[in-house]
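Engineer: Quick one, what's the 3D model for this:
(one chain, ligands or ions: 2)
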Amino acid sequence: MEKPKQLIDKLEETSRLAKEEWTALIQGRNQEIAEYLFEKARYWQHKYFGNRIYTRGLIEFTNYCKNDCYYCGIRKSNKNAERYRLAQEQILECCQNGYELGFRTFVLQGGEDGWFTQEKLENIIRVVKSSYNDCAVTLSLGERSKESYEGLFRAGADRYLLRHETANEKHYRDLHPAKLSADRRKECLWNLKEIGYQTGTGFMVGSPGQTPEHLAEDMLFIRELEPQMVGIGPFVPHHDTPFAQEAGGTVELTLFMIGLLRVMLPDLLLPATTALGTIDPLGREKGVQAGANVVMPNLSPTSVRKKYELYDNKICTGDEAAECRNCLNRRMEKIGYQLVVDRGDYSRRDKGGELCTT
Ligand code: 5AD
Ligand code: FES
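Structural biologist: Numbering: from 1, shown residues only. Ligands and ions are numbered 1, 2, ... in the order given. Predicted structure coming up:
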């Protein structure tokens, strides 16, 4: 087996590793190897994106959820979660506020909440798209039928985020109730891609029971799916879940995985996530320096922010959207990067590998 640095070179040259190679690389990492990786990650980040960091405005419009994932603070069994739904007018106010702050992508995220029927969702998408025709709408609404995804796409949605959480079927069952499966999750992702969504997937780093082999399988799955975006962040325990007493993921491993993703798929959209910023005050900056190129500040009304608590101590729950925007501006400038406000979408395939931002 080659040494970790040789494996990183091989990844850079061929954009692929075998499962055993991924495992060895992840297991064999140390600070020196990580620095070697991050240098390459920054090289590709700069080659494709310069010093530009894309922003997406997140609107968490419902925390009702019919699912019961063991890690998540808004799981249906958490009777202590204070539930809320934003009315359509409130969602539009968030968009308006975001638009004025320069956001050109709105991410509508929510639990799997049947109150928002297909018709209601399509209507919201149509209204947002017609009010802001220079904006992209991203959905993050969990697992739905292919027909439903098609309807939402026809209504104008451009992108969809659905983390696969873990590619390993057995590990998936350790994190979710029996009726959810990794296979079904992957099927949803393939459907989304086929329909034409720009698709994002991702996983938690350091979720209970996760091994380097599982992370190797995550990398293989992502290579196969070739999503446009991959969101990863550390697992952070939530006090009202079955995983309250479990250890959280580390900054160190999260950064290493970000670096690997950047080198594997150099033009990927890779957010420096809020969870990373939660476990380290400079987490998002470190994420960018490991290869991330997106931040997703919150546009939800401050009155509901704290209620969308997937994990403990989530940052920015008391801050207005404008404060987060300015804060991130400062943070990124301080490390030599610049927030950009355009839609920041592109398609690897359409442009034959040339980066196209519209
Ligand atoms: N810690 C970190 N991330 C979490 N998510 C849910 N619960 C937690 C937690 N306790 C992530 C999941 C989900 C995304 C919306 O948030 O990966 O896909
Ligand atoms: Fe929200 Fe810094 S990004 S306060």
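
Engineer: residues near H176, how many?
Structural biologist: The number of residues packed around H176, counting by other CB atoms under 10 Å, is 21. C-beta: built from backbone N, CA, C; applies to glycine.

Engineer: same deal with the one 3 residues further on?
Structural biologist: Residue neighbour count, defined by other CB under 10 Å, stands at 8 for K179.

Engineer: for it, helix, strand, or coil?
Structural biologist: Here K179 is recorded as coil under DSSP: H, G, I helix; E, B strand; the rest coil.

Engineer: Ok, L139 next?
Structural biologist: Taking three-state DSSP, the label given to L139 is strand.

Engineer: Just give me the neighbour total for it.
Structural biologist: L139: 26 surrounding residues under other CB under 10 Å.

Engineer: Check the gap between it and ligand 2 for me.
Structural biologist: Counting by CB to the nearest ligand atom, to the nearest Å, the separation of L139 from ligand 2 is 23 Å.

Engineer: who touches that residue in this structure?
Structural biologist: 107-109, 125, 152, 157, 159-161 (CB atoms under 8 Å, 6 or more residues apart in numbering).

Engineer: isn't Y132 right up against N97?
Structural biologist: No - Y132 is beyond contact range of N97, at 11.9 Å (criterion: CB atoms under 8 Å).

Engineer: Report the separation between the residue most central in space within the chain and ligand 2.
Structural biologist: Nearest residue to the geometric centre of the chain (CA atoms, centre = their mean): G231, 2.7 Å. Distance of G231 to ligand 2, computed by CB to the nearest ligand atom: 16 Å.

Engineer: Confirm that residue sits in a helix?
Structural biologist: No - counting by three-state DSSP, G231 is not found in a helix; it is strand.

Engineer: Just give the nearest non-adjacent residue to it, would you?
Structural biologist: G202 (3.7 Å; CB to CB, 6 or more residues apart in numbering).

Engineer: That neighbour looks like it's in a strand, true?
Structural biologist: Yes - counting by three-state DSSP, G202 is part of a strand.

Engineer: just the strands in this protein please.
Structural biologist: 52-55, 57-62, 105-110, 136-140, 159-161, 198-205, 229-234, 294-295, 338-340 (DSSP state E).

Engineer: Now do the same contact list for G344.
Structural biologist: G344 neighbours (CB under 8 Å, 6+ apart): 52, 54, 104-105, 269, 294, 357.

Engineer: Before we move on, what's the pLDDT of M1?
Structural biologist: Looking at M1, its pLDDT is 74.

Engineer: Equivalent analysis for T358, please.
Structural biologist: Predicted confidence (pLDDT) for T358: 34.

Engineer: Residues of this protein that sit close to ligand 1?
Structural biologist: 71-72, 163, 165, 204, 233, 235-236, 238, 275, 310-311 (CB under 6 Å from any ligand atom).

Engineer: try it again with 5 Å
Structural biologist: Residues of the chain that fall close to ligand 1, judged by CB under 5 Å from any ligand atom: 71-72, 163, 204, 235-236, 238, 275, 310-311.

Engineer: mind listing what's buried in the biggest helix by length in the chain?
Structural biologist: Longest helix of the chain, by residue count under DSSP state H: helix 31-49. Buried residues in helix 31-49, counted by 16 or more other CB atoms under 10 Å: 33-34, 36-38, 40-42, 44-45, 49.
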